[in-house]
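1. Provide a 3D model corresponding to the input given below.
(2 chains)
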Protein chains: 2
Amino acid sequence: MSNWLDDIKWSEDGLIPVIAQELDGSVVMFAFMNRDSLGLTLEKGEAVYWSRSRQKLWHKGEESGHTQKVLSIRTDCDKDVILLTIEQIGGIACHTGRHSCFYHELKNGQWQAVEPVLKDPSEIYKK
Amino acid sequence: MSNWLDDIKWSEDGLIPVIAQELDGSVVMFAFMNRDSLGLTLEKGEAVYWSRSRQKLWHKGEESGHTQKVLSIRTDCDKDVILLTIEQIGGIACHTGRHSCFYHELKNGQWQAVEPVLKDPSEIYKK
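-> Next up, the predicted model:
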């Protein structure tokens, strides 16, 4: 029997790019998943990514509490990108304490931060 | 003087992933750009990607007429992903004739096409 995970076109590294979008349309994050993390994402109903820098599974929000409740999982025509619809718990997706990671906008030839810091990262990641 | 293109963290291949989103929030496409194509995107005000399969610049819509008018260019906290806000000319971003490339949704353990074909691809790409 064919498995939905087998239908995915994984990269040579066994990864797939993932876009996380809120129900209202805001794109808040971009990261990668491997087969295990995509399977766990469905199983838990919360986004579990693959951290390329740390080379380990990364249950988003495991430190910050800012988990992502998964409402739907889509893929594209080529089945090589995932689009998650999520509810961002705490309203903060970015490690800088902003709502979305996409807070730099190109204006007058420069990248300008156009979204406010909602919470100091030292408050979010305190041990 | 620093150039906004120098601020981008290009991959080893000299590429950056790009998400194309309409003003109403719909994510319609995902592709890659290199330095030239991102520069041209700003210059033309229309999305110009880098086709990895064809290894050439790809002015989206050059064949189909379904160009993407660029309304804003954002990047994320790590400056290694681009988020474009676009107006999708013709209302069709996908080569399958659908509005968005993200038309497969995971339902009951299977990828199901949940968006209609708006125009037959043979009509879109007729020579």
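
2. what about A:E105, which SS state?
-> Secondary structure assignment for A:E105 (DSSP: H, G, I helix; E, B strand; the rest coil): strand.

3. run a quick neighbour tally on it.
-> By other C-beta atoms under 10 Å in any protein chain shown, 17 other residues sit near A:E105. In short, each C-beta sits where N, CA and C put it, glycine included.

4. contacting residues around it?
-> Going by C-beta atoms under 8 Å, 6 or more residues apart in numbering or on different chains, A:E105 touches A:111-112, A:114, B:72-74.

5. A:D80 now?
-> Applying C-beta under 8 Å, 6+ apart, the residues contacting A:D80 are A:8-9, A:11, A:16-17.

6. contact partners of the longest helix seen in chain A?
-> In chain A, assigned by DSSP state H, the helix with the most residues is helix A:35-44. Residues from elsewhere that reach helix A:35-44 (C-beta under 8 Å, 6+ apart): A:5, A:8, A:10, A:14, A:16, A:33, A:47-50, A:57-59, A:70, A:73, A:82, A:84, B:106.

7. ok, of the contacts of A:E105, which come out buried?
-> By neighbour count, with 16 or more other C-beta atoms under 10 Å in any protein chain shown, the contacts of A:E105 hold A:111, B:73-74 as buried.

8. how about these in a markdown table, adding distance to A:I92?
-> Shown next, in a markdown table, are those (distance: C-beta to C-beta, whole Å):
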| residue | distance to A:I92 |
| --- | --- |
| A:W111 | 21 |
| B:I73 | 23 |
| B:R74 | 17 |
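
9. for A:S64, state which of those residues is nearest.
-> B:R74 (22.3 Å; C-beta to C-beta).

10. tell me the pLDDT at the closest one?
-> In this prediction, B:R74 carries a pLDDT score of 98.

11. and for A:Y125?
-> Value listed for A:Y125 in the pLDDT field: 87.

12. which ones are touching it?
-> Listed by C-beta under 8 Å, 6+ apart, the contact partners of A:Y125 are A:63-64, A:95.

13. apart from its chain neighbours, what residue comes closest to the residue in chain A that chain B sits nearest to?
-> Chain A approaches chain B most closely through A:G25 (1.9 Å), counting by C-beta to the nearest C-beta. The shortest distance from A:G25 to any non-neighbouring residue, by C-beta to C-beta, 6 or more residues apart in numbering or on different chains, is to B:G25 (1.9 Å).

14. what is the burial count for the one you found?
-> 14.

15. just to check, it is in contact with A:L23?
-> No - B:G25 is beyond contact range of A:L23, at 9.1 Å (criterion: C-beta atoms under 8 Å).

16. filter the contacts of A:D80 to the buried ones?
-> For these, a burial check counting by 16+ other C-beta under 10 Å picks out A:8, A:16-17.

17. only alpha carbons, please: show the helix or strand of chain A with the lowest mean pLDDT as PDB.
-> Sorting the helices and strands of chain A by mean pLDDT, DSSP states H and E puts helix A:121-124 at the bottom, at a mean of 92. What follows is helix A:121-124 as a C-alpha-only set of coordinates in PDB (Å, rounded to 0.1, in the frame of the first residue of the first chain):
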ATOM      1  CA  PRO A 121      14.100  36.900  23.400                       C
ATOM      2  CA  SER A 122      15.800  36.700  26.700                       C
ATOM      3  CA  GLU A 123      12.400  36.400  28.300                       C
ATOM      4  CA  ILE A 124      11.300  33.800  25.800                       C
END
